[in-house]
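1. Quick one, fold the following:
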Amino acid sequence: MTFIPATKKVHVQAVIWTRVSSEEQRSGHSIDTQITNGRKYCEERNLYVIDTIEAVESSNKEVRHKFLAMIEFVQKQKDTINLVIQSVDRLHRDPQSYATILGLKDKGKLIIHCTRDGAVYDKYNNDIVYQMQQMMANLETKTLGSRVITGFARKAEEGTILGEVAVGYLSQKHRNKEIHKDPIVSIDWDKAVHIQRIFELYATGNYSCEQIARTVGEEGFVTREGNKPTKNSIDYILKNKFYIGYYETIYGIATHPYETFVSEDLFNKCQEVRYQRRKTKAKGTTVQEVKDNDVFIYNGFIKCHHCKSSYSSERKTKNKNKWTYLRTTKPKDKCPHCKNTNEQIVTHQIVDILKRISISQDTLDILQDELKDKIKARSDVRQKQIEQLENQLSDIKEQRESNLRRLMSKDPATSITINIYNNMEHILDEDGKKININ
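-> You can find the predicted model right below:
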């Protein structure tokens, strides 16, 4: 964050916050528009801009570096900071960020200004409206997420790769992205020959993943990142169905149309070897019963706010008294904020946050009315869209009937040949595929 020092003492200081979710959006005009509107807003209200922040990060990202830097900057200031944003959803959508901003607002460290509707939120007023704006932003995120998931699921059904291809393949974007949005996938034979050898060695049953990693590593095989293979990377390759025409997504198993270089028989043989090895390793293993008082409620849930290092629970006993401590899984010197903490302290903090973000009945009533209006507005828009699509389908149907009449017509002035008819039908078929009424 770049700090612009004031040339003279100014009582009312402001920071303009702008945000887009990706670099692609940054290349548009959204950031510039947010900055322009923010500066105009500050000029009209005699707010002195000490910093302008351009954040390119998703509001749902696990670590929001720009957001955290802005929070740290505000906390260090002696005077109240006027945070100028376009709208609440540009600042935060998730409950954690909302709670952070709400804490600074309630302490008088922050006053939030929205340029879109001119709303001002400080520690004295508009708590209900601000909570409602946060909930609407969160609701919009879930709605958008649902649309994205539906789109991804459809792409998966069509065989479009939604992530990285397997090692041994190359994925390149097409030069003309407007026409060819999906990547071009081809076999990387420099790595593919090593992949084939990995499957062949493992299928014999005489080599472990660690031995294969060492063997192919000495033969020159490296991972996509350029590192030497490990037993874990070899195991991942052996169970990756991409090599036989399938790939796993969060929506299930999908097929891909790309060329394969590992036979299904060889792949299945390797799976049999893997199963037999796991079965042998599992012999003699017993599952220990976990007692109720040994269950750690925060295992897998607590992370450092700064470095995102996970915390594990540890039980201490002294004079028949028991305490549970949360200890970081990273060395202390890597992050100065990672500290061992008593589990009760974390519990009190969580309870405090939950109490502060509780929703009053007044808020629920206002939110209910707002949701009704918003749902009705969206329903009206959706109905209009459906009517337009139905009209387009009706036009296509009429055009088909007209083309058929012209094909059957004996009048030379209006009749068409079978080739022209087929071409026109093909065009109508393509137009019809683009129309999707759910």
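2. Which segments of this structure make up each domain?
-> 13-143, 169-282, 296-351, 367-433 (automatic domain parsing).
3. so which of those domains comes closest to I357?
-> domain 13-143 (6.0 Å; C-beta to C-beta). C-betas here are computed from N, CA, C, even on glycine.
4. Turn the domains of the chain into JSON lines, including mean neighbour count and mean pLDDT.
-> Output for the domains of the chain, formatted as JSON lines (neighbours: other C-beta atoms under 10 Å; pLDDT from 0 to 100):
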{"stretch": "domain 13-143", "mean neighbour count": "17", "mean pLDDT": "80"}
{"stretch": "domain 169-282", "mean neighbour count": "15", "mean pLDDT": "83"}
{"stretch": "domain 296-351", "mean neighbour count": "13", "mean pLDDT": "76"}
{"stretch": "domain 367-433", "mean neighbour count": "12", "mean pLDDT": "79"}
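5. Distance to Q361 for those - can I get that in CSV?
-> CSV is the format used below for these (distance: least, C-beta to C-beta, whole Å):
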stretch, distance to Q361
domain 13-143, 10
domain 169-282, 38
domain 296-351, 21
domain 367-433, 10
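6. which one of the ones you listed lies closest to I359?
-> Nearest to I359, of those and by C-beta to C-beta, is domain 13-143 at 6.7 Å.
7. Run the chain-centre distance for that closest one.
-> 20 Å (C-alpha atoms, centre = their mean, to the nearest Å).
8. ok so, going back, which one, of the domains of the chain, ends up nearest to S360?
-> Per C-beta to C-beta, nearest to S360 of the domains of the chain: domain 13-143, 7.1 Å.
9. ok, now which ones touch the residue nearest to C307 when sequence neighbours are not counted?
-> Among residues not flanking C307 along the chain, C335 sits closest, at 4.0 Å (C-beta to C-beta, 6 or more residues apart in numbering). Taking C-beta atoms under 8 Å, 6 or more residues apart in numbering, we find C335 in contact with C304, H306, C307, S309, T328.
10. if I look at C335, how far off is D94?
-> 22 Å (C-beta to C-beta, to the nearest Å).
11. and what of T317?
-> Taken as C-beta to C-beta, the span from T317 to D94 is 38 Å.
12. show me where the protein has helices.
-> Using DSSP state H, the helices found in the chain span residues 23-26, 30-44, 65-76, 88-91, 95-106, 127-158, 189-203, 209-218, 231-238, 264-282, 343-356, 361-408, 418-433.
13. wait, which of those is closest to G118?
-> helix 30-44 (8.2 Å).
14. name the helices or strands packed onto the closest one?
-> Helices and strands in packing contact with helix 30-44 are listed as strand 13-20, strand 48-56, strand 81-85; criterion 3 or more C-beta pairs under 8 Å, 6 or more residues apart in numbering; DSSP states H and E.
15. Next up, phi/psi of N46, please.
-> phi 60, psi 40 (degrees, to the nearest 10).
16. Give the closest residue to it in space, chain neighbours not counted.
-> Per C-beta to C-beta, 6+ apart, closest to N46 is V12, 6.5 Å.
17. what's the burial count for that neighbour?
-> 14 (other C-beta atoms under 10 Å).
18. For it, give its distance to L47.
-> V12 is 5 Å from L47, by C-beta to C-beta.
19. can you list residues touching both of those two?
-> N82.
20. mind listing what the residue lying closest to V222 once chain neighbours are set aside touches?
-> Spatial nearest neighbour of V222, excluding adjacent residues (C-beta to C-beta, 6+ apart): K228 at 6.3 Å. With contact taken as C-beta under 8 Å, 6+ apart, K228 is in contact with A213, G217, V222.
21. quick one: which of those is nearest I111?
-> V222 (54.0 Å).
22. For V167, see how far away that closest one is.
-> 9 Å.
23. can you list residues touching both of these two?
-> Joint contacts of V222 and V167 (C-beta under 8 Å, 6+ apart) do not exist.
24. Just the CA atoms of stretch 77-89, as PDB, please.
-> C-alpha atoms of stretch 77-89 as PDB (Å, rounded to 0.1, in the frame of the first residue of the first chain):
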ATOM      1  CA  GLN A  77      -4.100   5.800  12.200                       C
ATOM      2  CA  LYS A  78      -4.800   8.100  15.100                       C
ATOM      3  CA  ASP A  79      -7.700   9.800  13.400                       C
ATOM      4  CA  THR A  80     -10.900   8.300  12.000                       C
ATOM      5  CA  ILE A  81     -10.600   7.100   8.400                       C
ATOM      6  CA  ASN A  82     -13.400   7.800   5.900                       C
ATOM      7  CA  LEU A  83     -13.400   4.700   3.700                       C
ATOM      8  CA  VAL A  84     -15.000   5.500   0.300                       C
ATOM      9  CA  ILE A  85     -16.300   2.600  -1.700                       C
ATOM     10  CA  GLN A  86     -18.600   2.100  -4.600                       C
ATOM     11  CA  SER A  87     -20.900  -0.300  -2.700                       C
ATOM     12  CA  VAL A  88     -20.700  -2.800   0.200                       C
ATOM     13  CA  ASP A  89     -20.100  -5.800  -2.100                       C
END
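25. begin at 294 from here
-> In the new count, where the first residue is 294, that last one comes out as stretch 370-382.
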